[in-house]
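In: Quick one, fold the following:
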Amino acid sequence: MSEHLTVVDHPLVQHKLTLMRDKGTSTATFRQLLREITELLAYEVTRGLPMTTRHIETPMEEMDAPILAGKKLALVSILRAGNGMLDGVLELIPSARVGFVGLYRDEETLQPVQYYFKVPEGLKDRMVIAVDPMLATGNSSAAAVDLLKQAGATDIRFLCLLAAPEGVARMKEAHSDVPIVTASLDRELNSKGYIMPGLGDAGDRMFGTK
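Out: From the prediction side, this is the model:
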């Protein structure tokens with residue numbers, strides 16, 4: 001396990017991921033599983049959140065107790081599939097600010113094209129978690145992180161469900177300072193840029209589109 005990549009091998013994560021990979025899993029179940037698995041992954045990706053203390057009074061006595069420090073973190077969805085991961089993280093961190101990066105992949109060149117960008121203010125003072133279920137070629141993810149850095153972000157984490165070795169390598173080359181947290185490092189990409197064995201198109205399976 002490298003510092004750049006964390007694969008969360010918790011039994012519940014792996015169990016839910018297997019159900020999501022199964023092509024017989026319904027849209028509704030897939031969506032529910034994605035929310036649940038994201039919540040478990042979010043636990044790992046937020047491990048380094050800054051802490052301070054607050055003076056409180058328990059029913060027994062006064063104490064200085066640990067509490068999150070600094071500005072609310074920013075959660076940025078890489079559209080459209082990233083939206084399926086928002087609820088899981090917000091379940092854990094309901095006060096997070098939310099932003100969106102719209103990128104689509106040109107089917108000919110496999111390069112990302114930007115069509116939307118709206119993020120919270122003050123990114124330089126926030127931990128930023130970018131979410132996208134699939135880290136495939138890494139081109140869209142690297143482009144999204146470029147945009148976040150241009151907007152001032154300095155502390156960025158990338159949270160995905162599945163990663164391909166090619167995508168991890170591309171992200172490490174482009175953004176070695178951005179740790180990746182995922183549920184699985186899959187075998188490879190196929191000629192169309194899909195993760196193998198993967199789970200198909202996460203957006204289509206989540207939203208019931210083809």
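
In: Low-confidence stretches in the chain?
Out: Counting by pLDDT under 70, the chain shows low-confidence ranges at 1-2, 210.

In: all helices for it, in order.
Out: Ranges of helices within the chain are 11-21, 27-45, 83-92, 139-150, 165-174, 202-207, based on DSSP state H.

In: May I see the buried residues of the fourth one?
Out: For helix 139-150, the neighbour count (16 or more other Cβ atoms under 10 Å) marks Asn139, Ser140, Ser141, Ala142, Ala143, Ala144, Val145, Leu147, Leu148, Lys149 as buried. In short, each C-beta sits where N, CA and C put it, glycine included.

In: Also the fifth one?
Out: By 16+ other Cβ under 10 Å, the buried positions in helix 165-174 come out as Pro165, Glu166, Gly167, Val168, Arg170, Met171, Lys172.

In: which helices and strands sit right next to that helix?
Out: strand 134-135, helix 139-150, strand 188-189 (3 or more Cβ pairs under 8 Å, 6 or more residues apart in numbering; DSSP states H and E).

In: Could you dump the ones you listed into a markdown table and include distance to Thr27?
Out: Putting those into a markdown table (distance: least, Cβ to Cβ, whole Å) gives the following:
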| stretch | distance to Thr27 |
| --- | --- |
| strand 134-135 | 17 |
| helix 139-150 | 23 |
| strand 188-189 | 25 |
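
In: Would you mind saying which of the ones you listed lies nearest Lys71?
Out: Closest to Lys71 of the helices and strands packed on helix 165-174 is helix 139-150 (Cβ to Cβ; 15.2 Å).
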